[in-house]
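In: just coords:
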């Protein structure tokens, strides 16, 4: 009886230990990376996402393991992924779990070329290389088409992230690259940083033609007073999600900026 | 007034006006001057004067009645109350009127702390401890709300650090509140001169002293709330200005009342000028500049004249 009990306990112990064999699973703490994984059709290997991962809608079926700042450690240990995939914003979280032999992979998205590189890298990681090559080729064609849409190029664009304090995009922002690719000009592209807080006077003196306000920006009636007779576009949540994320949908952002010149 | 004090006052007034002119006209673009002056520079200057004065006077009130040079205008849990109001406004009302929500949050918190301190058995120590507890409690709720709303966390963090660009409303209501508070403070100032001495020697019984203590705590809370309305939560000004005034101009509260208004306004005007111009067009958050500008200046005076604080 005693031996039987020991045997049962031993079997139970063996079963409860998470399996590491054939483990190429990962979790994504970046909405951008989640989108890329789905576009590669590699979602079977994706074992967890964050509350911010909302595209494609099927991501809702995946277990939510946390958000930008916090991962439920217990859930993470239950899943035991091989990798944590993070972007530059969430990289600091990923690195925390190296102690559990979960390798953090941080992908930087600085411009359009880096998106292509990261799609190809994730294709290799998930054994979907062919898919990744096809997606990159398709995206390159889409970008060419999007550029041709712009019938009134060289419009000076001011992109506002928040008005209090006044925050915009700088040279190192991915969005600046999108605006420039669309054939227009970001008036803050000479600022040598990613998302600077700037003086409002600087923006006024630069005399933009069009102002684009991010969906998450606080409401501010003063903008129309400070920039009289200037076209102001407040983005929807869907538009903001596309522009804010360097995902395979980024060509839609170029289309959006290219069409701004049309009255 | 001694000659030295008069000279110090003249220098302070001179510096104040130089700073005022710099804030108004430094590198002003000719083509957009009306727009920039009326919507950016003049409102910022008025907000700097209002918030600087309010914080400095509130700090002076609390340091005098508590007889503690470390007393801060946010002592009664006001910063967390204001922060909570601002966060609620950002999350529930799409950031509309968050200065007003900050103001209301601060006022409600101050009222709650004073109420819990008990009018009949009022003591400054009790007030500080209850303020501290409420600060920690509300601070924890704010942290939780920031963590749970990562989409707006950056915006919330930036707004909570304060600054003139972070405050939303500039209107006559703010100016009216400021003038009203200054008039009320002027009426009670002579009593504060008495409170800085040993209460047992001045007042017949402790309840009279407590009555005036409560009045000055309420006034300080009101002034701090006006400052929150004007520029968000700005730390440090309320501690440094009353102490600097005392080091330079002595102990007479009537004189200190005016020097605190000047010094508080000057510190914020100067910090605002630095924050908007030193790495133009980039801006440094005002709270950071206040500390960088104010701390070395303060330590210099403390080392030179620190003995006065013992009196």
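Out: Cool, the structure landed. All figures in this text were calculated on a predicted structure; none of them were measured in a lab. Numbers count the residues shown, from 1 in each chain, chains lettered A, B, ... in the order given.
In: which SSE is residue B:103 in?
Out: Taking DSSP states H and E as the criterion, residue B:103 maps to helix B:98-117.
In: what about that helix, distance to the chain center?
Out: 15 Å (CA atoms, centre = their mean, to the nearest Å).
In: List the buried residues for it?
Out: B:98-110, B:112-114, B:117 (16 or more other CB atoms under 10 Å in any protein chain shown). Just so you know, the C-beta spots here come from the backbone N, C-alpha and C atoms, and that holds for glycine as well.
In: need the contact list for the closest residue to chain A within the stretch 201-311 of chain B.
Out: Per CB to the nearest CB, the residue of the stretch 201-311 of chain B with the smallest distance to chain A is residue B:281, at 3.4 Å. Contact analysis of residue B:281 by CB atoms under 8 Å, 6 or more residues apart in numbering or on different chains lists A:191, A:196, A:198, A:199, A:201, A:202.
In: Let's see that with 7 Å instead.
Out: A:191, A:198, A:199, A:202 (CB atoms under 7 Å, 6 or more residues apart in numbering or on different chains).
In: Enumerate every residue touching residue 28.
Out: The chain I'm using is chain A. Listed by CB under 7 Å, 6+ apart, the contact partners of residue A:28 are A:34, A:37, A:46, A:49, A:53, A:85.
In: looking at chain B here, not the other one
Out: residue B:36.
In: can you tell me which helix or strand it belongs to?
Out: Short version: residue B:28 belongs to no helix or strand, going by DSSP H and E.
In: thought residue A:259 was touching residue A:148?
Out: No. Residue A:259 is not in contact with residue A:148 according to CB atoms under 7 Å; the separation is 11.6 Å.
In: Between the two, which has more neighbouring residues?
Out: Neighbour tally, residue A:259 and residue A:148, criterion other CB atoms under 10 Å in any protein chain shown: the higher count belongs to residue A:259, 14 against 9.
In: Could you find the closest non-adjacent residue to that one?
Out: Among residues not flanking residue A:259 along the chain, residue A:149 sits closest, at 6.1 Å (CB to CB, 6 or more residues apart in numbering or on different chains).
In: Pick out whichever of the contacts of residue A:28 sits closest to residue B:227.
Out: Taking CB to CB as the measure, residue B:227 lies nearest residue A:53 of those, at 41.1 Å.
In: Residue B:182 belongs to a strand, doesn't it?
Out: No. Using DSSP: H, G, I helix; E, B strand; the rest coil, the assignment for residue B:182 is helix, not a strand.
In: Can you read off the pLDDT for it?
Out: Here the pLDDT value assigned to residue B:182 is 94.
In: The helix or strand containing residue B:158 packs against which elements?
Out: Here residue B:158 sits within helix B:150-160, counting by DSSP H and E. Applying 3 or more CB pairs under 7 Å, 6 or more residues apart in numbering or on different chains; DSSP states H and E, we find helix B:150-160 packed against helix B:78-92, helix B:124-148.
In: Tell me which of those helices lies nearest to chain A.
Out: helix B:124-148 (5.9 Å).
In: Go through that closest one and flag the buried ones.
Out: B:124, B:127, B:128, B:130, B:131, B:134, B:135, B:138, B:142, B:145, B:146.
In: hang on, the earlier thing: max pairwise distance over the contacts of residue A:28: which two?
Out: A:53 and A:85, at 11.0 Å, using CB to CB across the contacts of residue A:28.
In: so residue A:81 makes contact with residue A:46?
Out: No. Judged on CB under 7 Å, residue A:81 makes no contact with residue A:46 at a distance of 9.0 Å.
In: Between those two, which contacts overlap?
Out: Joint contacts of residue A:81 and residue A:46 (CB under 7 Å, 6+ apart) are residue A:26.
In: Contacts only, for residue B:126.
Out: Here residue B:126 is in contact with residue B:117 (criterion: CB under 7 Å, 6+ apart).
In: let's go with 8 Å and repeat that
Out: Contacts of residue B:126 (CB under 8 Å, 6+ apart): B:117, B:118.
In: what about it, distance to residue B:220?
Out: Plainly put, residue B:126 is 16 Å away from residue B:220 if you go by CB to CB, to the nearest Å.
In: Excluding chain neighbours, what is closest to residue A:208?
Out: residue A:158 (3.9 Å).
In: ah, wrong one, I meant residue A:246
Out: residue A:109 is the one closest to residue A:246 (CB to CB, 6+ apart), at 3.8 Å.
In: cool, and residue B:278?
Out: Nearest to residue B:278 is residue B:284, by CB to CB, 6+ apart, at 6.8 Å.
In: and that neighbour, how far is that from residue B:178?
Out: Taking CB to CB, one finds residue B:284 at 26 Å from residue B:178.
In: Please identify which of the two sits among more neighbours.
Out: residue B:178 (21 against 17).
In: Give me the contact list for the helix or strand where that one lies.
Out: Residue B:178 belongs to helix B:172-195 when assigned by DSSP H and E. Contact with helix B:172-195 is made by B:46-47, B:50, B:53-54, B:57, B:61, B:64-65, B:202-203, B:209, B:212-213, B:215-216, B:219, B:222-223, B:226, B:229-230, B:252-254, B:257, B:261, as judged by CB under 8 Å, 6+ apart.
In: repeat for stretch B:33-50
Out: A:200-201, A:204, A:222, A:225-226, A:228, B:20, B:23-24, B:28-29, B:164-165, B:167, B:170, B:174-175, B:178, B:226-227, B:230-231, B:265, B:268-269, B:272.
In: at 6 Å what do you get?
Out: A:200-201, A:226, B:23-24, B:164, B:170, B:178, B:230-231, B:265, B:268-269, B:272 (CB atoms under 6 Å, 6 or more residues apart in numbering or on different chains).
In: what's the spacing between that stretch and its chain's center?
Out: Distance, centroid of stretch B:33-50 to centroid of chain: 19 Å (CA atoms, centre = their mean).
In: so what pLDDT did residue B:167 get?
Out: pLDDT, read off for residue B:167, is 50.
In: Residue A:172 too?
Out: 87.
In: how about the closest residue to it other than its chain neighbours, what does it touch?
Out: Distance criterion CB to CB, 6+ apart; nearest residue to residue A:172, sequence neighbours excluded, is residue A:194 at 4.4 Å. By CB under 6 Å, 6+ apart, residue A:194 lies in contact with A:170, A:172, A:173.
In: Give the full set of residues in contact with the first one.
Out: Translated: residue A:170. A:191, A:193, A:194, A:196.
In: can we see that at 8 Å?
Out: Neighbours of residue A:170 in contact, by CB under 8 Å, 6+ apart: A:176, A:188, A:189, A:191, A:192, A:193, A:194, A:195, A:196.
In: Type out the ChimeraX command that picks the buried ones from those residues.
Out: Remark: buried members of those, expressed as a ChimeraX selection using 16+ other CB under 10 Å:
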select /A:176,188,189,191,195,196
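In: List the buried residues of the strand or helix carrying residue A:137.
Out: Residue A:137 is part of helix A:129-149, with elements assigned from DSSP H and E. Neighbour-count burial for helix A:129-149 flags A:131, A:132, A:135, A:136, A:139, A:142, A:143, A:146, A:147, A:149 (criterion: 16+ other CB under 10 Å).
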